[in-house]
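Visitor: quick one, what's the 3D model for this:
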Amino acid sequence: MATLVASIDSQPASEQVGRVSRKNEHGFAVLLVSALTPFTVVVDGYHPYAEDGGLYMTGVKRLLDPALYPHDTAFVLEPARLSLFAPVVAWLVRLTHLGLPVVLLALHLISIWATLFAAWLLASRCWTSRSARAGAVLLLACWLTLPVAGTALTLMDPYLTARSFSTPCMVLALVGALDIMEQSGPARRLGLLLWVASIVFAAAMHPLMAAYALGATLMLICLGSPTRVIRVWGTVAFAAAALALAACLQSIANPESAAYSRIVMTRTYWFPAQWRWYELVGLAAPLATIAIAGWVDVNRGSLAESSTQAHRPLARMAIAVGAISCTVALLFARAGSPTHLVARMQPLRAFQIVYLVLLLVLGTKLGQLVLHRCAWRWALAATLLGGIMLVPERAAFPNSNHLELPWTTRTTTPQNPWVQAFLWVRANTPKDALFALDADYINLPGEDAQCFRAIAERSALPDYSKDGGEASIAPELTPAWTLAQAAQQGLGTRTDADRLAALSPLGVSWVVLQAGAQTNFDCPYSNAAVKVCRLR
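Guide: Just a heads-up that it's a prediction; the model follows:
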């Protein structure tokens, strides 16, 4: 890292204004991104079977072993229904013979590397100085798991999901769009190819995020047009089309059952009107910051000399996309609407693009105005900025190993007692067993959102949190989810007779209870947090 810092802005000033060899710049970018990738993992942690990572990995494991999850299989398959993510990961596991844990870690590292390198390419289209580009990538690397307002979304997750692939594709699509605007001849054709390929690959992984990336890049091309009429009226037409599409979708949506409406109401992050005040600030503040730091023209000084014209349409695109998505959400993503199709599409997810641009803009200012060529400043900035994100990441998984790496989980006992119990289940129960846990077990103290199905490799009745999210997206899962919630609600405080009455008709053969739960069932495994009991 010290060598990289020493090479920042080491060229003569005249070369910093676009005359540095592109080969040398790409070489520097590869070294910088390669150094920051493991640093990012150390800051963010790695939890391959937690939260949404567990949902996706359950689908991958089902493809690798079709005998797994014979019960409530629809909840296992739902995350992969419109995505090639699970088949691609399963294919790589079979091709490499490395095993799923190693492939997951490798793909996670690749996705981070690709995102940071794509960010460098995007920054290189907007800022000519190395310090600006390096600052942008450094800030993104330090804050890659930054929460996106109140959307229950982060820029990237500390585990592998379909968005791990769609995110770098989104950034590359922005790069391609800028090349279409700024270049000519073969360079423009390459930009068009990059744009199309990125959108297509993103759509194969995560169609919804690809749709938002497509809209953002089209808006960027419109705002980068040299013709004022296209810039103004094209933006107006784009906004009108987005509102018209949302209105059309809302009007043709199928009627919703009362049971499904109750599921929708559990996803409060869909509805901005139900957000807390500071979550709303998370929408307004980035737009204002981009407007001040990235949109306002700087007419003199080193900042003006080190910026290209491309940073202005990029900033304006982020503001326009943010404003349009907010308008759509406020008008159509309302709890009281008769249908919630637009809310289900979560238009505020487009703020992932806004937050990305925000970090790039702020990072360039950090590199230009503060860090320069001073090695200790870069080291201090990485330490402080990484530490800011490390604290909440540890708070999110306080009872789990910060880095759940394949070799550590094979050779040492996991720190999390829930994970210990899930691993015992995998080793000591039949594949066709059906388990019940507390309806919202994933949010219980000490559980750390570790996914039972992904770790235990056993079927389980649908849970409130993650499976509830699947049911909210796929209304056909409503009956099964509703039935499971009634059977598992307050499972730890019930009597054994009540548990049998609720769970036996559903075919449940095992239960996982908190350690303090009273039961006379045979419980062959227990630890300080949880016990695994045979229901019959």
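
Visitor: which ones are touching residue 487?
Guide: 436, 461, 502-503, 506, 508 (CB atoms under 8 Å, 6 or more residues apart in numbering). (Each C-beta comes from the backbone N, C-alpha and C, glycine too.)

Visitor: what's the closest of these to residue 142?
Guide: Minimum distance to residue 142 across these is 39.9 Å, recorded for residue 461 (CB to CB).

Visitor: contacts only, for the nearest residue to the closest one once chain neighbours are set aside.
Guide: Closest residue in space to residue 461, ignoring its immediate chain neighbours: residue 484 at 4.1 Å, by CB to CB, 6 or more residues apart in numbering. Applying CB under 8 Å, 6+ apart, one finds that residue 484 lies in contact with 72, 439, 461-463, 467, 506.

Visitor: buried subset of those residues?
Guide: 72, 439, 461-463, 467, 506 (16 or more other CB atoms under 10 Å).

Visitor: now flag whichever of the residues you listed is closest to residue 129.
Guide: Nearest to residue 129 among those, with distances taken as CB to CB, is residue 467, at 49.0 Å.

Visitor: now the closest one: how far from residue 43?
Guide: As defined by CB to CB, to the nearest Å, residue 467 lies at a distance of 30 Å from residue 43.

Visitor: repeat for residue 242
Guide: Distance from residue 242 to residue 43, by CB to CB: 35 Å.

Visitor: and if you look at residue 398?
Guide: Counting by CB to CB - residue 398 and residue 43 are separated by 16 Å.

Visitor: is it fair to say residue 254 lies in a strand?
Guide: No - the assignment for residue 254 (DSSP: H, G, I helix; E, B strand; the rest coil) gives coil, which keeps it out of a strand.

Visitor: find the nearest non-adjacent residue to it, please.
Guide: Among residues not flanking residue 254 along the chain, residue 339 sits closest, at 7.3 Å (CB to CB, 6+ apart).

Visitor: tell me the SS of that neighbour?
Guide: Per three-state DSSP, residue 339 ends up coil.

Visitor: number of nearby residues for it?
Guide: As a burial measure, residue 339 scores 18 neighbours (other CB atoms under 10 Å).

Visitor: swap in residue 486?
Guide: 10.

Visitor: how about the residue lying closest to it once chain neighbours are set aside, what does it touch?
Guide: With sequence-adjacent residues excluded and distances taken as CB to CB, 6+ apart, residue 486 is closest to residue 502, at 7.4 Å. Contacts for residue 502 (CB under 8 Å, 6+ apart) come out as 486-488, 494.

Visitor: in helices only, show me the contacts of residue 487.
Guide: Among the contacts of residue 487, DSSP state H puts 502-503 in helices.

Visitor: shouldn't residue 524 be within a strand?
Guide: Yes - judged by three-state DSSP, residue 524 forms part of a strand.

Visitor: for the remainder of this discussion, apply numbering that starts at 367.
Guide: From this message on, residue numbering opens at 367, which makes the last subject residue 890.

Visitor: and it, how many neighbours does it have?
Guide: For residue 890, using other CB under 10 Å, the count is 13.

Visitor: ok, now residue 654?
Guide: Neighbours of residue 654 (other CB under 10 Å): 11.

Visitor: what's the helix or strand for it?
Guide: helix 643-656 (DSSP states H and E).

Visitor: in that helix, what's buried?
Guide: 648-649, 652-653, 655-656.

Visitor: how does the protein divide into domains?
Guide: 368-410+464-739, 773-900 (automatic domain parsing).

Visitor: re the thing from before, out of the contacts of residue 868, which is nearest to residue 478?
Guide: residue 854 (36.1 Å).

Visitor: which residue, other than its chain neighbours, is closest to that closest one?
Guide: residue 805 (4.1 Å).

Visitor: does that neighbour count as helix, strand or coil?
Guide: coil.

Visitor: now it: phi and psi?
Guide: When read as degrees, to the nearest 10, the backbone of residue 805 gives phi -50, psi -40.

Visitor: contact partners for the residue nearest the centre of the chain?
Guide: Among the residues of the chain, the one closest to the centroid is residue 522, at 4.1 Å (CA atoms, centre = their mean). Going by CB under 8 Å, 6+ apart, residue 522 touches 410, 477-478, 481, 510-511, 529-530, 533.

Visitor: look up phi and psi at the residue nearest to residue 620.
Guide: phi -130, psi 160.

Visitor: that older thread, between residue 608 and residue 409, which has more neighbouring residues?
Guide: Neighbour count, other CB under 10 Å: between residue 608 and residue 409, residue 409 has more, with 23 against 19.

Visitor: tell me how far the more buried one lies from residue 815.
Guide: 19 Å.

Visitor: buried stuff in stretch 747-765?
Guide: By 16+ other CB under 10 Å, the buried positions in stretch 747-765 come out as 747-748, 751-752, 755-756, 759, 762-763, 765.

Visitor: output the below-cut-off pLDDT ranges for the stretch 617-766 of the chain.
Guide: 660-674 (pLDDT under 70).

Visitor: 90 instead?
Guide: For the stretch 617-766 of the chain, residues meeting the criterion pLDDT under 90 lie at 619-621, 657-678, 702-704, 734-735, 737-741.

Visitor: all helices of it, in order?
Guide: Along the stretch 617-766 of the chain, counting by DSSP state H, counting those that start in this stretch, helices occupy 624-631, 643-656, 668-671, 677-698, 707-710, 717-732, 741-762.

Visitor: so can I have JSON lines of the ones you listed showing distance to residue 892?
Guide: As requested, the helices of the stretch 617-766 of the chain are exported to JSON lines (distance: least, CB to CB, whole Å):
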{"stretch": "helix 624-631", "distance to residue 892": "33"}
{"stretch": "helix 643-656", "distance to residue 892": "40"}
{"stretch": "helix 668-671", "distance to residue 892": "62"}
{"stretch": "helix 677-698", "distance to residue 892": "46"}
{"stretch": "helix 707-710", "distance to residue 892": "41"}
{"stretch": "helix 717-732", "distance to residue 892": "42"}
{"stretch": "helix 741-762", "distance to residue 892": "26"}
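
Visitor: circling back to that earlier point, let me know the secondary structure of the residue nearest to the centre of the chain.
Guide: Reduced to three states by three-state DSSP, residue 522 is coil.

Visitor: from the contacts of residue 850, which is closest to residue 619?
Guide: The closest of the contacts of residue 850, once distances to residue 619 are taken by CB to CB, is residue 833, at 22.6 Å.

Visitor: look up how far residue 783 lies from residue 508.
Guide: Look at residue 508 and residue 783: by CB to CB, they are 31 Å apart.

Visitor: please disregard the earlier target; I meant residue 871.
Guide: Distance from residue 871 to residue 783, by CB to CB: 30 Å.

Visitor: higher neighbour count, these two?
Guide: residue 783 (18 against 10).

Visitor: so what's the residue nearest to the more buried one when sequence neighbours are not counted up against?
Guide: What sits nearest to residue 783 in space, not counting adjacent residues and going by CB to CB, 6+ apart, is residue 895, at 3.8 Å. By CB under 8 Å, 6+ apart, the residues touching residue 895 are 783-784, 787, 812, 880-881.

Visitor: I'm done for today, thanks for sticking with me.
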